[in-house]
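K.L.:
how would this look folded up:
(chains A, B, C, D, E, F, G and H)
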Number of protein chains: 8
Amino acid sequence: MSEEIRLDFQRPDRIGFDEAILCARKSDEQLATIMDRVLERGARCLMSRLELGVFARIAPRYLEKLDYDPVSRTAYLNWTPSTLEERPLIAVVSAGSSDMPQAAETIRTLTYLGAPTKQFIDIGVAGLWRLLERVEELRTFPVIVAVAGMDGALPSVLGGLVPGAIICLPTSTGYGVANGGETALHAALASCAPGLTVVNIDNGYGAACAAFRILSMIRQTGTSPLERGPQ
Amino acid sequence: MSEEIRLDFQRPDRIGFDEAILCARKSDEQLATIMDRVLERGARCLMSRLELGVFARIAPRYLEKLDYDPVSRTAYLNWTPSTLEERPLIAVVSAGSSDMPQAAETIRTLTYLGAPTKQFIDIGVAGLWRLLERVEELRTFPVIVAVAGMDGALPSVLGGLVPGAIICLPTSTGYGVANGGETALHAALASCAPGLTVVNIDNGYGAACAAFRILSMIRQTGTSPLERGPQ
Amino acid sequence: MSEEIRLDFQRPDRIGFDEAILCARKSDEQLATIMDRVLERGARCLMSRLELGVFARIAPRYLEKLDYDPVSRTAYLNWTPSTLEERPLIAVVSAGSSDMPQAAETIRTLTYLGAPTKQFIDIGVAGLWRLLERVEELRTFPVIVAVAGMDGALPSVLGGLVPGAIICLPTSTGYGVANGGETALHAALASCAPGLTVVNIDNGYGAACAAFRILSMIRQTGTSPLERGPQ
Amino acid sequence: MSEEIRLDFQRPDRIGFDEAILCARKSDEQLATIMDRVLERGARCLMSRLELGVFARIAPRYLEKLDYDPVSRTAYLNWTPSTLEERPLIAVVSAGSSDMPQAAETIRTLTYLGAPTKQFIDIGVAGLWRLLERVEELRTFPVIVAVAGMDGALPSVLGGLVPGAIICLPTSTGYGVANGGETALHAALASCAPGLTVVNIDNGYGAACAAFRILSMIRQTGTSPLERGPQ
Amino acid sequence: MSEEIRLDFQRPDRIGFDEAILCARKSDEQLATIMDRVLERGARCLMSRLELGVFARIAPRYLEKLDYDPVSRTAYLNWTPSTLEERPLIAVVSAGSSDMPQAAETIRTLTYLGAPTKQFIDIGVAGLWRLLERVEELRTFPVIVAVAGMDGALPSVLGGLVPGAIICLPTSTGYGVANGGETALHAALASCAPGLTVVNIDNGYGAACAAFRILSMIRQTGTSPLERGPQ
Amino acid sequence: MSEEIRLDFQRPDRIGFDEAILCARKSDEQLATIMDRVLERGARCLMSRLELGVFARIAPRYLEKLDYDPVSRTAYLNWTPSTLEERPLIAVVSAGSSDMPQAAETIRTLTYLGAPTKQFIDIGVAGLWRLLERVEELRTFPVIVAVAGMDGALPSVLGGLVPGAIICLPTSTGYGVANGGETALHAALASCAPGLTVVNIDNGYGAACAAFRILSMIRQTGTSPLERGPQ
Amino acid sequence: MSEEIRLDFQRPDRIGFDEAILCARKSDEQLATIMDRVLERGARCLMSRLELGVFARIAPRYLEKLDYDPVSRTAYLNWTPSTLEERPLIAVVSAGSSDMPQAAETIRTLTYLGAPTKQFIDIGVAGLWRLLERVEELRTFPVIVAVAGMDGALPSVLGGLVPGAIICLPTSTGYGVANGGETALHAALASCAPGLTVVNIDNGYGAACAAFRILSMIRQTGTSPLERGPQ
Amino acid sequence: MSEEIRLDFQRPDRIGFDEAILCARKSDEQLATIMDRVLERGARCLMSRLELGVFARIAPRYLEKLDYDPVSRTAYLNWTPSTLEERPLIAVVSAGSSDMPQAAETIRTLTYLGAPTKQFIDIGVAGLWRLLERVEELRTFPVIVAVAGMDGALPSVLGGLVPGAIICLPTSTGYGVANGGETALHAALASCAPGLTVVNIDNGYGAACAAFRILSMIRQTGTSPLERGPQ
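P.N.:
Numbers count the residues shown, from 1 in each chain, chains lettered A, B, ... in the order given. The predicted structure is shown next:
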């Protein structure tokens, strides 16, 4: 089986960040092979959707190289924290404690990529005051990830109040016509607030990568202001 | 054909308001027969979904008995305004001018039934200040009909701010995943705000009837306070 | 984790009733934190969708403060019954024993909120006589919650027979094209009976809140008849 | 084009009734060819979904052989009425005038096949009295076709009251979540009343054929009581 | 709990057969109560969707009164076989062994009701010869229940070959776009073969009741040929 | 506008056949530009979904280069028939005259590509004899395109009778739950007959290209038998 | 009617760009009123989804103030081009000429907002060379709008090749299971390429606003490199 | 039960390959009966969807006759490898290790049928270089099975690069709007690349049968070049 896996180590050169391993639907053997490959090369890697039960079966020799977080179901393999000091430019806003796993996946992915974040929780529209008292602060972030399930009303309200890029992360929280996140997804896509963008339901990893793409472009310009661009 | 139609003139005795005629899909002949029946009996009737083109073909002998409004596509047949003076207890709140026809259908139906309303327009969440500056007034209404299409975020925000009964009227405004009103409908049903109720997409008539049922119960109690109830 | 939760204790001031805790998808730790917060403050709270298995893991120190009901999967924390004597103004009507959990969630929520209810069971349309012999009594209730799964025909029949406000609570009872409650939901929304309102599938809590909003408006008027309304 | 059409003149021998021509999506030339084939053979044929506009373009030489009805959009080609005297054994029950075209298609098809019908109209459940006062009569029919759109509650109520075979014909009447007849279809299929059967949305022709199959089996037994059956 | 259940013992008088108990979603206590009610009255009853695991928990005092079949998941309570000798008039045709449970539910229900059946298995269209060699025999049955999952092609082929009433029972067999039986359901409803009728997915009980309704009408006529009908 | 279009003239080198122009949604100007490009280069091209109304507006200077067929809505630009003599290896089988446009699009596309076809019509399963009497001939074709709408039962029956490659072309014929071809599509995909393949609804062009890919591989082998394949 | 419209002139202060007018579903009177409001105030405005037929009815007094483009169906009211010289930082990439209207709406909106763009057309994956020969240039853009209908494969390929922010704009191009853009939407959301974001089907305006939000954040940083951020 | 199963041993004569047994939903007894039948006859058989847990319960007497593979969940009963030496003409291409089970089912089925295959893995479009460096080799295969989940972009890219027959096998890999494989299925069907064909989601067996049908036609021609075809 081990010869069947070809990791994409050139990805950072092409798109600016490295491949992550989606652990769902992979066998223990496949995961071990992947970790071997990464470690042989002295590389690092992010593992997503790594359930606690699967993590519990990982062999001890890998554990010392792994930084695991059960809420976000993510692990860092062979990772060292960035020493870069930068104020957080990405806000992660969520409506309630039910959306914590997805918000955590976004934050953990961005931390892995070296992008500090600031988290705002319990910012649901049903208690509008909790959102309103944070608006001024939220307006200072160039990128906001808005995590919301059920009716997904949070992004629409935010979108009319702040100027930054807004990435909506719909979650599968809810029941009945919440339809496993479809209603929150559709509400974000059909929002009356202009300029929202959206990622797949429960895709905290994707939301983080989208935020990181924007951050990279901002950093690039910060280093070399307004000199960038095609010839 | 005329013998094929049996109107339900006993409905007011059973449920407190009279039958309306849904004109969509009815032939000109069927409509004429219905109007004849109503007029013979000296009764009145509300006609809904009466398109301008259909209205234009109605014979002159009916026209003097008809009060037609093209925005709401409703007509009153043989109707005289209520002389009852009462402050409006029902607010009709809508997000934009695209939802005007549905809001108007609700208002016209309630007017027909003798229930005064107050309309609040352009109360969309993308411009939240327009909603916030009206909240105190909205809190005084026992019944609110919230008209919203696209992402349908308005009811969720309202539901966390006011104590009255809220009837959500989703509209087919929007395109793509707005899905002809389905997203607004689902967002209202899956709302994180507690105690919202919902009617069918574009069913301004139904929203009015639901509001009227509540109003009747309030009026009944107003006349005979706290004496009412089953034995 | 505990600092991550901000309860909305101001909700009663805004909308007339307090926040409930949806226990589904919350960890034991989150639930404990929430209960601590509520108890520290001397407040009360309703916990919904609290599965028996989760309840069984709750620490003894909370149990004496909890009133748990397994059918409705609800618990009252730090709650004392209302001493208000009032005849029930809300009827909860259901078609069969399969819909018991949802009907019970509605009743338990209303009891928590201080609103007495009367339950009518086995009122399905396939045995129409069971409905017909109760119609006169049902006509005396200002608010009816109609619980129905499968084809959801009950609300349409009721809606043509009684004048009160009707809140339809579709349930996920059934299989095949019952589609987890979607058919009952759509049947209620597309009903030929005028003025029905609808809540999300299996949302017994929401139906109760909607009923309570109407009841509050009626009580308000009962106290101060016809004096209420905007200036 | 004419050599491209092969009619199934042997169908009556196999299944007991002859092929009908679905005119929708057929060109004028195709229809003319089909009529020629039928007339050459001295046969007869039923044409369904023949829109008024298409009918108006049919050449005069066919018209004298055609019996056209615009409500049901059906035509009989080369047909002579049955001289058989039989009391109607099939009832066609519908809820409102909006469902008239589909009910009429069923009745016209059965008339063509030599099966007399009796029509019951305006039997909607929102005015239950109209149904209840006809129940005794409806109980005498061995076959009932129940035509209903919107919420499709009629079949469920009927199914609990009468012993005959019930064929539900859902119609596309309605808007919003009526979903072009899907809700009525699903309600009939998921009905709590036992033993209902269902045909496709707006398929008045199919409902008639299904009723005719049952009628044929009854007639066969009537002629040769209880002698029939496999050896 | 026991006072909450009201059985419909008058159903046979109204529609010709007695109420069955859908055991899915009922608690052990509810089932015991129902069985007590039936036995107290000396009545009989059919229990459907009674899973083996639930059956295994039934108290011994009921077991001697129960005739249980695990394939169909049905039990007869207090039932004695009919002594009526009649050749089977109902054929139950299925495509493969995966559809056995649904076919068995139909057969067991009809046996309970006193209607003998004949079963034809492995009659799938992918091996057309297995169907063709039974056609002549199938043509002698007045009622055929056609059980089919996946693509549901069997009813369309049958419908063009036999004159009897055909009740299609779509099953949830299959995966992917088989969509839990939806494709088989839709194929039966949209069939090019005229006069098929359809019941809900996996509703073997409903198919049996529909077949029994037709059988009753045939028997009635057999007893009193052509004398039956409305006055 | 003309500089905006870049045709893919290298496609034949890559995949063995040339690009076609889907005319739907293209403006008259865009079509003229494309035709100019093709003619300037002395190339040829197939135009699909060219409605009669659009064709009627094409300038005379193109018409002499165009071979248009209104049934299939296709045009050949600058095309000369193949002089290759070959027996047809591709059969196009359809159920009825309603599926003629899609069958014709397949045949016209294959003719354009130099692949002779044989058409079999009115091969629906509701008249099974029409299919059975052609089975032996159909078994001699290496490739069969099976065109079917409504219930899409034809491919399942065919798939159990013939050994060749079968490409199912579902059509949008039908109404109600035929769902614009979705039921026929799903029935072909979920078929119990092994080894069917499927193309998009109404995609006669795609079915032809798929058939042509197979034919090319057969021809290649015919020229150089069994020598082909990777080293 | 005119008093019913309240424009959101404060939007630029809140989110950095001004409100646009969605002309679909607005009456001529409503559009005139809006234009009056804008002109009275000396403001400017973008009008989207302004169909040619509606534009043709606009009164002459507005026309001199309007810059209309029929492909994108947009108009600029009282607008003067930006004099800012800046190299385009936003690329708009599309697969074919069928997606031109949506791509044009994005470009026109960005031009209105003062953001220069560069367009890349006919970059579909079926002719991969057209994409590959532009990759190096595309890699220099910080923001890319990827316009794609049908299977929506373009964004996935792009996402693995370039580091910039990618906004996917799915279009309703295609038929059958393309489902009016749903397949392209879902493919973009479920993409295996990390960090794509998505807007609603055919929402060229929304894609432009999303791109502009990112551009604004980049510009801000360019002006004041790395100084920005919350305190 | 054992007499209830009729295997289709004539299938190879009709369509060129033998019946497989779909083990899902079959009881242990049914499987044992089938194996007995096959072994009594000295025949062979392929068992698909045979879960490891079910396999573990198979009686020892069968095990020596069984060749089981847990990844593909297939077993060969009484099978001996083909001794035919032939270069692989079928390529099985997949995007990642999550699609391994479906790819393996295709390969195992083709091996059973005597058709050698070559597997290409990790050929996803997000790392386009992995696909591009194999294109020349892929162009030499007359048949390619393209296995892809999530966005299903692989077939569209392949379809523009190679001339062989392409059978798309969508998989249920992914979450959210991947919808259990529906998005991959729809993307393959709506592909802009011409001439792709598609099988049901996760139907590795069906993809193999489709490939084998084509291979048989090629082999037939290879043996008897260009002599084949109808008279």
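
K.L.:
where along chain A do the helices fall?
P.N.:
Along chain A, counting by DSSP state H, helices occupy A:11-15, A:28-40, A:52-55, A:60-63, A:100-112, A:128-132, A:135-138, A:154-159, A:182-189, A:204-223.

K.L.:
what bits of chain A have low per-residue confidence?
P.N.:
Residues of chain A meeting the criterion pLDDT under 70: A:1-4, A:224-231.

K.L.:
Next to chain C, which bits of it? Give me the list.
P.N.:
Chain A comes close to chain C at residues A:97-98, A:100, A:121-122, A:126-127, A:129-130, A:173, A:175-178, as judged by Cβ under 8 Å from any Cβ of the partner chain. The way it works is simple: take the backbone N, C-alpha and C, and place the C-beta from them, glycine included.

K.L.:
Go through these and give me the one with the most neighbours.
P.N.:
Counting neighbours by other Cβ atoms under 10 Å in any protein chain shown, the top entry in the residues of chain A next to chain C is residue A:173, with 30 neighbours.

K.L.:
which residue packs closest to it, ignoring adjacent ones?
P.N.:
In space, and not counting its chain neighbours, residue A:173 is closest to residue A:149: 3.0 Å by Cβ to Cβ, 6 or more residues apart in numbering or on different chains.

K.L.:
what's near enough to touch that neighbour?
P.N.:
Going by Cβ atoms under 8 Å, 6 or more residues apart in numbering or on different chains, residue A:149 touches A:95, A:98, A:99, A:170, A:171, A:172, A:173, A:174, A:178, A:181, A:184.

K.L.:
Just the ones of those in strands?
P.N.:
residue A:170 (DSSP state E).

K.L.:
Tell me which of the helices of chain A lies nearest to residue B:218.
P.N.:
helix A:128-132 (27.0 Å; Cβ to Cβ).

K.L.:
Let me know whether the closest one sits next to chain B.
P.N.:
Yes: using Cβ under 8 Å from any Cβ, helix A:128-132 reaches chain B at residue A:128.

K.L.:
Give me the residues contacting that helix.
P.N.:
A:122-125, A:154, A:157-158, B:157, B:160-161, C:6, C:8, C:10.

K.L.:
next one: stretch A:106-114
P.N.:
A:17, A:20, A:46, A:48, A:69, A:72, A:74, A:76, A:79, A:81-82, A:84, A:90, A:92, A:116-117, A:119, A:145, A:147, A:169, A:204-205, A:207-209, A:211-212.

K.L.:
can I get the CA coordinates of it in CSV?
P.N.:
The C-alpha trace of stretch A:106-114 is given here as CSV (Å, rounded to 0.1, in the frame of the first residue of the first chain):
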residue,chain,number,x,y,z
THR,A,106,-10.1,27.3,11.1
ILE,A,107,-8.1,28.7,14.0
ARG,A,108,-5.8,25.7,14.3
THR,A,109,-5.2,25.6,10.6
LEU,A,110,-4.2,29.3,10.5
THR,A,111,-2.0,28.8,13.5
TYR,A,112,-0.3,26.0,11.7
LEU,A,113,0.2,28.3,8.7
GLY,A,114,1.7,31.0,10.9
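
K.L.:
List the buried residues in it.
P.N.:
Using 16 or more other Cβ atoms under 10 Å in any protein chain shown as the test for burial, stretch A:106-114 gives A:106, A:107, A:108, A:109, A:110, A:111, A:112, A:113.

K.L.:
just to revisit the earlier point, of the contacts of stretch A:106-114, which are in range of chain G?
P.N.:
A:17, A:20, A:205, A:209, A:212.

K.L.:
separation between the nearest residue to the second one once chain neighbours are set aside and chain H?
P.N.:
With Cβ to Cβ, 6+ apart as the criterion, residue A:20 has its nearest non-adjacent residue at 4.2 Å, and that residue is residue A:46. Using Cβ to the nearest Cβ, to the nearest Å, one gets 15 Å for the distance from residue A:46 to chain H.

K.L.:
residues near residue A:60, how many?
P.N.:
By the measure other Cβ under 10 Å, the count of residues near residue A:60 is 6.

K.L.:
who touches it in this structure?
P.N.:
For residue A:60, the contact set (Cβ under 8 Å, 6+ apart) is empty.

K.L.:
thought residue A:115 was touching residue A:211?
P.N.:
Yes: with contacts counted by Cβ atoms under 8 Å, residue A:115 reaches residue A:211, the gap being 7.2 Å.

K.L.:
the more surrounded of those two?
P.N.:
residue A:211 (31 against 23).

K.L.:
circling back: output the ones next to chain G among the contacts of stretch A:106-114 in JSON lines, with neighbour count appended to each entry.
P.N.:
Formatted as JSON lines, those follow (neighbours: other Cβ atoms under 10 Å in any protein chain shown):
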{"residue": "A:17", "neighbour count": "22"}
{"residue": "A:20", "neighbour count": "21"}
{"residue": "A:205", "neighbour count": "27"}
{"residue": "A:209", "neighbour count": "26"}
{"residue": "A:212", "neighbour count": "26"}
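
K.L.:
Quick check: of these, which lies closest to residue D:134?
P.N.:
Once Cβ to Cβ is applied, the member of those that ends up nearest residue D:134 is residue A:205, at 62.4 Å.

K.L.:
give me the number of residues near the closest residue to residue A:51 other than its chain neighbours?
P.N.:
Distance criterion Cβ to Cβ, 6+ apart; nearest residue to residue A:51, sequence neighbours excluded, is residue A:73 at 6.1 Å. Applying other Cβ under 10 Å, we find 22 residues neighbouring residue A:73.

K.L.:
so who does residue A:73 touch?
P.N.:
Contacts of residue A:73 by Cβ under 8 Å, 6+ apart are A:48, A:49, A:50, A:51, A:52, A:101, A:105.
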